[in-house]
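K.L.:
Got a sequence here, can you build the structure:
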Amino acid sequence: MAIRRGVGLVITLVMLAILVSLIGMVVMLFMVGREPAVASNSVLMLRVAGDLNETVGGNVLDTFVSARRATLRTVVDNLHKAKVDKRVSSVVLMPANLTSAYWGKLQEIRDAIVDFKRSGKTIVAFLEYGGDREYFLATACDRVFLTPASPLDLAGLATYELFLRGTLDKIGAFPDFLHIGDYKTAPNQLTEKTFTPAHREMAESINRDLYDQLVQAIADGRHRTAAEVRDLIDNGPFLPEDAVTAGLVDDVAYEDQLDDKVKLAPTKTFARLDSDAYSRISASSLGLGSGPRIAVIYAVGLIASGRSGYDPLNGPVVGSDTIVEYIRQARGDRSIKAIVLRVDSPGGSSVASDVIWRELMLTSHGTGARPLVASMSDLAASGGYYIAMAAPEVVAQPGTLTGSIGIYSGKIVTGGTYEKLGMNVESVTEGKNAGIGSPVRPFNASERAKLQEQLQAFYEQFVDKVAESRHMTPEAVDAVAQGRVWTGRQAKRLGLVDALGGLDRAVELAKARAKIAPGAQVELVVYPPKKSLFDLLGESLPGLDQQANIAALLGIADRRAVATLTAPMRLFRRGEPLALMPAGYFR
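P.N.:
Residues are numbered from 1 along each chain as shown. Here you go, the predicted structure:
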């Protein structure tokens, strides 16, 4: 009896704890949804940090922590609002701990800073740490301040690529892969121990163009020539005082000293406005974001068949079923005047990419067609480029990585690994090529010929579709394809994209196609849509336990190495051809 009472008490306490948690969640969601008061004569302290994700995840935890993980659009929208908000006198940009390996999103924020300056209001940058990405954003501001203890860590641009062939050799595994295109180097991470000549040529070309873009941005912002900036960078990193002497920053200061160094408001007394709070101010309250409706469909992450989700190692997964559903919803909504496809993806499944492409083609060319524009973020390569090319107009940032028009497939043969462990795998097959997916032996001649035939057919289909959409000949496309990755700036010169810019630029082009006046405000209808409180509370927190367990197991290992090694086995069908770009790490 006592045991039963004890169990009952425990169950009661657990249920009470759950109830209190749910009430707390409801209260927190209500508080998050309320718009804060903004005092006149405010200075917006705009914090920019982290990976600058395109979207917030769809679970309860993401809702609560999203303020600390502002999306790219949150930052851009805050600048748009501050530009027209008479209560905001100036902006202090505070970039810190920018961890993204790429440059497209940073360029989008820099564009928004330049646009904000057209208001005539002041924007200054405060760098607690002067990293290259933080400094890149800062140079768009009127003045740049660096803390007295921080160096200006500006020394150029380096690319790091990981090769796992030596690791596989040590454990007795053999990577048996085929690819179309000398520059389709994604499988090189598994099949090679170092760069091939084509791989190195491509990496050097991308790195050089991104470096040139960095140099020009600094030159424009600091009113120097590109040659002068190159000479300065060759002498970096800089001590704080040397950065001031070189004219790369205007002064050293702590945050509390900024109002003594620069006039942030008409009067000495002003209110500091936190960017997290300001993000809850609706654009419509300032006369923005209302009018004709344009859908923005986000395709963020690896492309795979099925529903969208989250992979603990590789991050968001673009499910073809989910994206097709969003496209059909937007196409079926007669209030939607145009659609912008926002792509931040290195590609993935060739089949899933083709399914999404088909639905987009029906949207832009079929019955009830809508104006369609593609907007590329950091990445829109391989399968990411495949889906983007369905749009009659494609917009990329100069630093977007795109192209990678090619394909590969294969398997990691683990028979040697099993043998090292004293294991043996035997098989029974019927059919000449039934064992093509065998994990213990390489492809035989017949299987290799079949796989090569499949890859060649998809590559030719890819090239033909690019040729048709870009109004080029297949021969001209093949010359710039072969799996090669380009920057957005290079891609525009080659005819693979139409215009340079971010999502705002793509929206402007969509407005023009929908015959909406250039200066007219529009309402952006975002897919995936925000979920209701009921939806959020009814969901689990996917991937959290897996992420924690994997992080603990990896120890000092590079998470990206494990992601690269295991993604084909975990996320795609066995033997599925992949339209996926190589993973390089830019710092």
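K.L.:
Quote the end-to-end distance of stretch 179-186.
P.N.:
Counting by CA to CA, to the nearest Å, you get 9 Å between the two ends of stretch 179-186.
K.L.:
I should have written stretch 436-445 there, sorry.
P.N.:
Termini of stretch 436-445 sit 10 Å apart (CA to CA).
K.L.:
tell me the mean pLDDT for it?
P.N.:
What stretch 436-445 shows for mean pLDDT is 94.
K.L.:
Give me the distance from it to the chain's centre.
P.N.:
Centroid displacement of stretch 436-445 relative to its chain, using CA atoms, centre = their mean, to the nearest Å, is 35 Å.
K.L.:
ranges for the strands of the stretch 401-550 of the chain?
P.N.:
401-403, 407-413, 485-487, 499-500, 523-527 (DSSP state E, counting those that start in this stretch).
K.L.:
what's the closest of these to residue 339?
P.N.:
Residue 339 lies closest to strand 523-527 among these, at 9.2 Å (CB to CB). Quick note: C-beta positions are derived from backbone N, CA and C, even for glycine.
K.L.:
tell me the contacts of the residue nearest to residue 209 when sequence neighbours are not counted?
P.N.:
In space, and not counting its chain neighbours, residue 209 is closest to residue 487: 4.6 Å by CB to CB, 6 or more residues apart in numbering. By CB atoms under 8 Å, 6 or more residues apart in numbering, the contact list for residue 487 reads 206, 209, 210, 213, 398, 399, 400, 401, 402.
K.L.:
Which one of these sits in the busiest neighbourhood?
P.N.:
Counting neighbours by other CB atoms under 10 Å, residue 400 leads the contacts of residue 487 with 34 neighbours.
K.L.:
That residue touches residue 379, doesn't it?
P.N.:
Yes: using CB atoms under 8 Å, residue 400 is in contact with residue 379, at 7.1 Å.
K.L.:
Now list whatever residues contact both of the two.
P.N.:
Joint contacts of residue 400 and residue 379 (CB under 8 Å, 6+ apart) are residue 104.
K.L.:
Which residue ranges make up each domain of the protein?
P.N.:
Domains of the chain are assigned by automatic domain parsing as 38-155+236-285, 289-404+482-582.
K.L.:
Tell me where the model's unsure across this protein.
P.N.:
By pLDDT under 70, the low-scoring segments of the chain are 1-34, 57-69, 531-575, 583-587.
K.L.:
cutoff 80 now
P.N.:
Low-confidence segments of the chain, defined by pLDDT under 80: 1-34, 56-70, 313-314, 366-368, 530-587.
K.L.:
The one residue sitting closest to the centre of it: what secondary structure?
P.N.:
Here the mean C-alpha position of the chain is nearest to the C-alpha of residue 344 (CA atoms, centre = their mean), at a distance of 4.5 Å. Put simply, residue 344 is strand when judged by DSSP: H, G, I helix; E, B strand; the rest coil.
K.L.:
after whichever strand or helix holds residue 364 comes which helix or strand?
P.N.:
If you go by DSSP states H and E, residue 364 is part of helix 350-365. Note on helix 350-365: by DSSP H and E, the next helix or strand toward the C-terminus is strand 372-381.
K.L.:
From the contact counts, what lies against that next one?
P.N.:
Under the contact definition 3 or more CB pairs under 8 Å, 6 or more residues apart in numbering; DSSP states H and E, strand 372-381 sits against helix 104-117, strand 336-345, helix 350-365, helix 383-388, strand 393-396, strand 401-403, helix 503-513.
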